[in-house]
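Undergrad: sequence and predicted structure, then a few things I'm wondering about:
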There are 2 protein chains.
Amino acid sequence: MADSTDPRITRSREAILSAARELLREDGPAAVTHQNVAKRAGVGRATVYRHWPQPRMLLDDTMAGVRMPFFRDPVPPVRPWLARQMRTLADELALPEIQAVTAALFHGAPDEPDATARREQLIATISGQLGTALDSAARTGELQASADLQDAPAILIGPLVFRGMFERRPVTDAMIDHLLNAIGTWTASPSPAADQADVGRGRDGGGA
Amino acid sequence: MADSTDPRITRSREAILSAARELLREDGPAAVTHQNVAKRAGVGRATVYRHWPQPRMLLDDTMAGVRMPFFRDPVPPVRPWLARQMRTLADELALPEIQAVTAALFHGAPDEPDATARREQLIATISGQLGTALDSAARTGELQASADLQDAPAILIGPLVFRGMFERRPVTDAMIDHLLNAIGTWTASPSPAADQADVGRGRDGGGA
DNA sequence: TGCTTCTGAGTCAAGTTGTCTCATAAGATG
DNA sequence: CATCTTATGAGACAACTTGACTCAGAAGCA
């Protein structure tokens, strides 16, 4: 069932995963059952069982289908790159789909080691990327950190998550700016040439 | 069934809620079913149905039984009070019980308006208490805010939640200190006279 | 065209959910 | 202490869900 090219398989899998994603978004992880998904996808219940014998597999593949926001490919200068990443992350955390997966992720019921592993994986990835970027900024002198860089993910991302998941209000560019200043003092640019590109004020209005 | 004094009722209710809380803590909200709770509590299934006809009610009362961490009764000077509150909050966010309720709270499935209402209620209370305290600190001059005070809950609490729920690592006192500095400049001791009067007035704020 | 295999419909046993009944025992009342 | 009241546990019950299975037929492939 892995990489079959049979269009029937492809069609079924896509219909099923799409329906499962809808259910996850609308009613949470508990609603992603074989029966619900089959009905919503318009396929036979047996078909869902054939492709995903265990419910957990189905939920896993459903969540995997939702691209989670990362901090990808840091490029210097770090500050504007980081501001862009945080803007994107904040915006995505406002989407019901991302919220559903985030909630499911950190639910962390002890009977589901998979969920725990997935959460740790995501955190490790994000923290790793962020750490790499901030380390390089510290080395080049772009950032004079005032906080333990171990705390940076919590300080930078925590407020965005809180806003999106708890307060359910938009994150302003000013707030992102403020958070960036909270982890240390930024020098306009390590190399004067690159300077002018980013020092400009918070650019786009950055709506929801 | 409201406030009967019959010891049999009291006994049953307590055994049931205690068992439900255990299940919530150990296996998450989905495990809080009439059947599971009855078995764990050592009471008849019908007894659970008698007291809580709907599953949602049972889960609600179970969560209500878990005292959620608040920002209670601000006292001047604000900074040390706030540091204490944040330390307590951070410590409680490490407890499985609090984590389970927090996760259940902000799950926010659209089919459960109760969960949404409860989340909004909690956020409003916390933000209200925090806002009152910070406003008074700003008025007395103890705090020169550098951030929009609307963002303070996210900036102060967000990182604690992120640490406790996602990273699952302890929060250091240094981090709390750093977060407090992130919202503005604190003056060691404001004029004692103005301080007491002002905070005394600002107390009513709180609720939704 | 004929061959392969995926699909949907349906059946089935086992378990869960919500409701109801009834004998019993715990508690209140005199 | 005797009697009445009522919460309880056990169990019966229909409706539903969950996995597993079978099978005719349709979709895709050569």
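TA: The structure has been received and is ready for your questions.

Undergrad: in chain A, which segments are predicted with low confidence?
TA: A:1-4, A:107-114, A:189-208 (pLDDT under 70).

Undergrad: list the contacts for residue A:166?
TA: B:106, B:119, B:123, B:161 (CB atoms under 8 Å, 6 or more residues apart in numbering or on different chains). Backbone N, C-alpha and C define where each C-beta goes, glycine included.

Undergrad: could I get the residues you listed as CSV with neighbour count, secondary structure and distance to residue B:94?
TA: Below are the contacts of residue A:166 laid out as CSV (neighbours: other CB atoms under 10 Å in any protein chain shown; DSSP: H, G, I helix; E, B strand; the rest coil; distance: CB to CB, whole Å):
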residue, neighbour count, secondary structure, distance to residue B:94
B:106, 25, coil, 17
B:119, 20, helix, 20
B:123, 20, helix, 20
B:161, 24, helix, 11
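
Undergrad: between those, which is nearest residue B:98?
TA: For these, the closest approach to residue B:98 (CB to CB) belongs to residue B:161, at 10.6 Å.

Undergrad: and that closest one, how far from residue B:81?
TA: Here residue B:161 is placed at a distance of 20 Å from residue B:81 (CB to CB, to the nearest Å).

Undergrad: can you get me a residue count around the closest residue in space to residue A:59 that isn't next to it in sequence?
TA: Beyond its immediate neighbours in the sequence, the residue positioned closest to residue A:59 (CB to CB, 6 or more residues apart in numbering or on different chains) is residue A:32, lying 5.0 Å away. Residue A:32 has 24 neighbours, counted by other CB atoms under 10 Å in any protein chain shown.

Undergrad: so residue A:32 touches residue A:60, yeah?
TA: No: contact between residue A:32 and residue A:60 fails when scored by CB atoms under 8 Å: they sit 10.0 Å apart.

Undergrad: and stretch A:43-56, which residues are buried?
TA: A:43, A:47, A:48, A:51, A:52 (16 or more other CB atoms under 10 Å in any protein chain shown).

Undergrad: would you mind giving those residues as a markdown table with distance to chain B and secondary structure added?
TA: Output for the buried residues of stretch A:43-56, formatted as a markdown table (distance: CB to the nearest CB, whole Å; DSSP: H, G, I helix; E, B strand; the rest coil):
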| residue | distance to chain B | secondary structure |
| --- | --- | --- |
| A:43 | 23 | coil |
| A:47 | 25 | helix |
| A:48 | 20 | helix |
| A:51 | 24 | helix |
| A:52 | 19 | coil |
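
Undergrad: okay but residue A:122 is in contact with residue A:104, surely?
TA: No: the criterion here is CB under 8 Å, and residue A:122 misses it with residue A:104 at 11.7 Å.

Undergrad: who has more neighbours, those two?
TA: residue A:104 (24 against 18).

Undergrad: can the strand or helix carrying that one be found next to chain B?
TA: Assigned by DSSP states H and E, residue A:104 belongs to helix A:96-105. Yes: judged by CB under 8 Å from any CB of the partner chain, helix A:96-105 and chain B are in contact via A:99, A:103.

Undergrad: mind listing what the spatially most central residue of chain A touches?
TA: By CA atoms, centre = their mean, chain A has its centre lying nearest to residue A:69, at 2.7 Å. Applying CB under 8 Å, 6+ apart, we find residue A:69 in contact with A:88, A:89, A:92, A:93, A:98.

Undergrad: and which of those is nearest to residue B:146?
TA: For those, the nearest to residue B:146 is residue A:89 (22.7 Å; CB to CB).

Undergrad: wait, that closest one sits on residue A:163?
TA: No: look at residue A:89 against residue A:163 with CB under 8 Å: they stay out of range, at 10.6 Å.

Undergrad: on that earlier part again, for the residue nearest to the centre of chain A, give me phi and psi.
TA: Per-residue torsions, residue A:69: phi -70, psi 130 (degrees, to the nearest 10).
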